[in-house]
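Colleague: Sequence plus predicted model, see below.
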Amino acid sequence: MRNLIARSLRLKLFLLFALLLIGFSSVHLLIRYAWTIPQFIELEVENDKKDIRKLGSAFSRIQSEMQRLIYDNAVWDEMIRVIKERDLAFLEENYHIPESLASLNLNGMHFYDASGEPVSHFALENNGSVILDSVFQTASSTEKRQFLIVKEPELPATKVLGFKSGIIQGKQHPVLFVSGSIVPSTGVGDVVGTMLVWTYLDEKVSQQLSDLMQRQIMLFEYSALPQGKSVIPFDKYQDFPQIRSSEQKIYISFNDVNGKASIVMAYAKPKRMFDDNLIEYSMGIALLSSILILALIYLLINKMVIIPLTSLRETVVKVIDQGNCSQATNIQRQDEIGRLASLIDGLFATVNSQQTILVEANKKLQKLSDTDELTNIANRRSLMHFLEMIEQQRELSLFPVSMIMLDIDHFKTYNDFYGHQAGDTVICQVAEVLSKNTRSNMDLVARYGGEEFTIVLTQISKEEALLVANKLKQAIFDLKISHQKSQTAEFISASLGLTSCEQADDFDIEQLFRVADSALYEAKEAGRNSVISKPYQLSTTLNKQAKRY
């Protein structure tokens, strides 16, 4: 055999190609089984866990919407009165509305006082029938601690806004609840009670989750799930090395407030990202082709494939690095590479168009988040951003900086006498006057809350700022808005507190608010419809009755 091999070059070449084929095949098989497939599996597991995280986020978002509803209604001075006086007529008129409950995807709304005693219950089945014995109406004192915000004996009376949420087993089905403390509109103060809303974990929650996840989400009670199903606890899914099983669906369980599995969310298992047979077949074809014809067609492939693909890659890399999707591949061919280049050009054009739309949408969203909905001027968030910009960029030479705190005099009595709609009109008129009498490119007019406004003036002396404050006071009075219940004047008037920080090194947002607010307090004490200016000092001791920033 050795002599035969030694005499035959053809056989040597055949054996050489055989050895090359075996070598290439061995390397590719080793890479495939030791590296490629494990990497695919790892990526698949990570994507599956990402889907679970998205599911958890979607569920949290539903709870956040319920929490926002509570915040909008429980953090309200009027609600404190209602709970303390147990004004059932107010609650029935404003909250016991079946249509509102249905539109909010809720089944129940409950109010409790600070000791956990019920003030009002309103709960409906999905068919509209009244529920008289929900778990929240029949709960014991121990059970109430799971969902109520009640004062603990060993804790001080003053508390901040707090929330509780979770799953509780109802009379027939698990329910999702969110509760929040009823506190003053500042968010800090004595907790006078709890507002609680809840919904059955049924088809409507399933539909909400499906809309948020953009895939079908099904809900099952854990106790009703057939035995043998592979269920992954949501609080432990990160510990699982493998998410998928032989099941066609992925099942995720969520615990109730007692830490027991209560509800299971299921969705179809995503299609696998790789196929063993396909990879094996394509690998064999690639190996065989590379060994037999690589030397003959390398130059042709290099010219017709590698160079154009390199050009495409460079264009894509350039777009990624620069973020400029107006680039083009500049490849004009009729074959597959030409069609690919055309698709890439089309993709770039689509992304470029979508980026433009997204930028405009983001601008609109930013404006909405920084604008007061009623007056269309800056809101409190925008005001804080503006002050933080001044503080962080002191070198912009915006100093001296002055702050005016303005409060419409006797506005509550105006609202009570003329109505809230008239009050809203007054607030809008005052906002318009403030905007017209300040510099839009230098100053900021913001609605601080209710009938209170804050004006920040930049690059203006304290003497000029005082002139502006008096101008604003007079402009509001000149609106000649009748106020029969005012104890100050026959027309709507305002009290203004002013302070000015002349040196950038002395600028402190909190102190600026404190001094301006103290000046406003003194203006009110002085009889209202007046302007009080106080010097800005970091060590200023302010009137203890002035409200805190």
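Modeller: Received it, and whenever you're ready, just let me know what you need.
Colleague: quick one: residue 215 and residue 245, what's the gap?
Modeller: To residue 245, residue 215 is 18 Å away according to C-beta to C-beta, to the nearest Å. Every C-beta, even on glycine, is put in place using the N, C-alpha and C of the backbone.
Colleague: remind me, longest helix of this structure?
Modeller: Counting residues, the longest helix found in the chain (DSSP state H) is helix 37-74.
Colleague: Following element in sequence after that one, please.
Modeller: Sequence-wise, the next helix or strand downstream of helix 37-74 (DSSP states H and E) is helix 77-85.
Colleague: I'd like the next helix or strand past that next one.
Modeller: Helix 77-85 is succeeded, C-terminally, by helix 88-94 (DSSP H and E).
Colleague: And the average pLDDT for the next helix-or-strand element following that next one is what?
Modeller: Sequence-wise, the next helix or strand downstream of helix 88-94 (DSSP H and E) is helix 98-103. Average pLDDT, helix 98-103: 92.
Colleague: Relative to the whole chain's centre, how far out is the next helix or strand after helix 98-103?
Modeller: Beyond helix 98-103 on the C-terminal side, the first helix or strand identified by DSSP H and E is strand 108-113. Here strand 108-113 is found 27 Å from its chain centre; the criterion is C-alpha atoms, centre = their mean, to the nearest Å.
Colleague: Give me the angle between strand 108-113 and helix 77-85.
Modeller: 70 degrees (axes from the mean of the first three to the mean of the last three C-alpha atoms, to 10 degrees).
Colleague: Output the contacting helices and strands for strand 108-113.
Modeller: Identification of packing neighbours for strand 108-113 by 3 or more C-beta pairs under 8 Å, 6 or more residues apart in numbering; DSSP states H and E yields helix 77-85, strand 118-123, strand 193-200.
Colleague: mind listing what the second one pairs with, with the direction of each?
Modeller: When sheet partners are counted by DSSP bridges, strand 118-123 sits next to strand 108-113 (antiparallel).
Colleague: what's the strand it pairs with in contact with?
Modeller: 82-84, 86, 91, 95-96, 101, 118-124, 131, 134, 136-137, 144, 148, 182, 192-199 (C-beta atoms under 8 Å, 6 or more residues apart in numbering).
Colleague: Check whether residue 410 really touches residue 488, as I assumed.
Modeller: Yes. Counting by C-beta atoms under 8 Å, residue 410 does reach residue 488; the two are 6.5 Å apart.
Colleague: shared neighbours of the two, anything?
Modeller: residue 528.
Colleague: the more surrounded of those two?
Modeller: residue 410 (21 against 17; other C-beta atoms under 10 Å).
Colleague: Tell me who's in contact with the more buried one.
Modeller: 483, 485-488, 528.
Colleague: Would you reformat those residues as a markdown table and include secondary structure?
Modeller: A markdown table is the format used below for those (DSSP: H, G, I helix; E, B strand; the rest coil):
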| residue | secondary structure |
| --- | --- |
| 483 | coil |
| 485 | coil |
| 486 | coil |
| 487 | coil |
| 488 | coil |
| 528 | coil |
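Colleague: what's the most distant pair in those residues?
Modeller: 485 and 528 (13.4 Å; C-beta to C-beta).
Colleague: which residue packs closest to residue 269, ignoring adjacent ones?
Modeller: In this structure, residue 269 finds its nearest non-sequential neighbour in residue 250, 5.4 Å apart by C-beta to C-beta, 6 or more residues apart in numbering.
Colleague: Residue 242 is in contact with the one you found, correct?
Modeller: No. Contact criterion C-beta under 8 Å: residue 250 and residue 242 do not qualify, at 11.2 Å.
Colleague: Between those two, which is the more surrounded one?
Modeller: The residue with more neighbours, out of residue 250 and residue 242, is residue 250; 22 against 11, by other C-beta under 10 Å.
Colleague: The more buried one belongs to a strand, doesn't it?
Modeller: Yes. Going by three-state DSSP, the assignment for residue 250 places it inside a strand.
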